[in-house]
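# Predicted coordinates and the sequence they were generated for:
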Amino acid sequence: MNELQGKFAAVTGAASGIGLASAEAMINAGATVVFVDRDEQALHAVCDRIGARAIPLVIDLLNPEACASLLDGILTKTGQLDILHANAGTYIGGDLAEADLDAIDRMLNLNVNVVIKNIRSVVPHMIERGTGDIIVTSSVAGHTAVPWEPVYSASKWAMTSFVQTMRRQLLKNGIRVGSVSPGPVISALLADWPEENLRKAKENGALIEPKEVADAIIFMLTRPRTVTIRDVVILPSAFDI
């Protein structure tokens with residue numbers, strides 16, 4: 001399968017989880033992918049394992065100056081950008097009354113502000129080229145109110161709105177914008193889940209693998225240019241929300 005042959009992509013949060021699965025799936029479909037992450041050691045280990053079409057770019061997206069360098073860093077390595085998967089994010093759950101204020105700031109900055117700024121950075125390049133794909137990792141929590149994750153859910157509702165407005169802004173420029181919204185995915189983010197919810201999810205089989213999300217992303221990217229898949233919600237069949 002080489003449906004993305006000749007394409008250049010960038011994936012944020014690419015050293016693990018959904019980001020890694022997405023980046024690997026794009027490479028398997030023929031693309032060259034810039035892996036963006038702040039974890040330098042993990043990033044280089046992953047790219048060394050995968051090979052030449054996996055290009056590491058170490059950026060701490062919560063650092064405003066570093067975040068602003070995203071497009072320049074990508075173009076220095078590839079010369080063009082066809083696909084951005086804005087995936088980097090974090091999670092906090094539980095009762096709002098018990099949430100750490102600094103953790104709230106960090107999560108909203110990474111899940112909302114950084115995504116908007118990353119897309120703002122790449123859009124002029126894609127507009128100039130008259131083509132492009134932008135995919136945002138959202139969550140089922142951005143489509144239904146999840147009572148044990150009020151801050152996280154709010155950040156993903158923001159992304160639902162952002163993706164829908166940006167699709168309308170950019171459709172005239174040949175740029176497709178969509179989001180993939182998984183239920184619980186087996187990844188490091190689940191370490192912050194309330195212990196009882198995580199235990200029940202494991203017992204009930206209500207978790208999915210990152211590869212399942214990556215498969216949906218490849219489906220979105222390989223539709224004819226006349227078709228945009230704006231929202232994909234992916235749930236474990238045993239998930240009861």
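Received the coordinates, thanks. Residues are numbered from 1 along each chain as shown.

# next one: phi and psi at Ala145?
phi -80, psi 120 (degrees, to the nearest 10).

# any idea which strand is longest in this structure?
Determined from DSSP state E, the single longest strand within the chain is strand 175-182.

# That one packs against which elements?
Packing contacts for strand 175-182, counted by 3 or more Cβ pairs under 8 Å, 6 or more residues apart in numbering; DSSP states H and E, involve helix 114-129, strand 132-137, helix 150-170, helix 210-221, strand 231-234. (Glycine included, C-beta is placed from N, CA and C.)

# does His44 count as helix, strand or coil?
helix (DSSP: H, G, I helix; E, B strand; the rest coil).

# any idea which helix or strand carries the closest residue in space to it that isn't next to it in sequence?
Leaving aside its sequence neighbours, His44 sits nearest to Pro56 (Cβ to Cβ, 6 or more residues apart in numbering; 5.5 Å). Here Pro56, judged by DSSP states H and E, is contained in strand 54-58.

# And His85, by the same measure?
Using DSSP H and E, His85 falls in strand 83-86.

# Direction included, what does the longest strand of the chain pair up with?
Using DSSP bridges, the strands paired with strand 175-182 in its sheet are strand 132-137 (parallel), strand 231-234 (parallel).

# Need the contact partners of the last one.
If I follow you right, that is strand 231-234. For strand 231-234, contacts defined as Cβ atoms under 8 Å, 6 or more residues apart in numbering pick out 140, 143, 160, 163, 178-183, 208, 212-213, 216, 219-220.

# on that earlier part again, can I get the strands paired with strand 175-182 in TSV including mean neighbour count, distance to Ile50 and mean pLDDT?
Formatted as TSV, the strands paired with strand 175-182 follow (neighbours: other Cβ atoms under 10 Å; distance: least, Cβ to Cβ, whole Å; pLDDT from 0 to 100):
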stretch	mean neighbour count	distance to Ile50	mean pLDDT
strand 132-137	24	20	98
strand 231-234	16	24	94
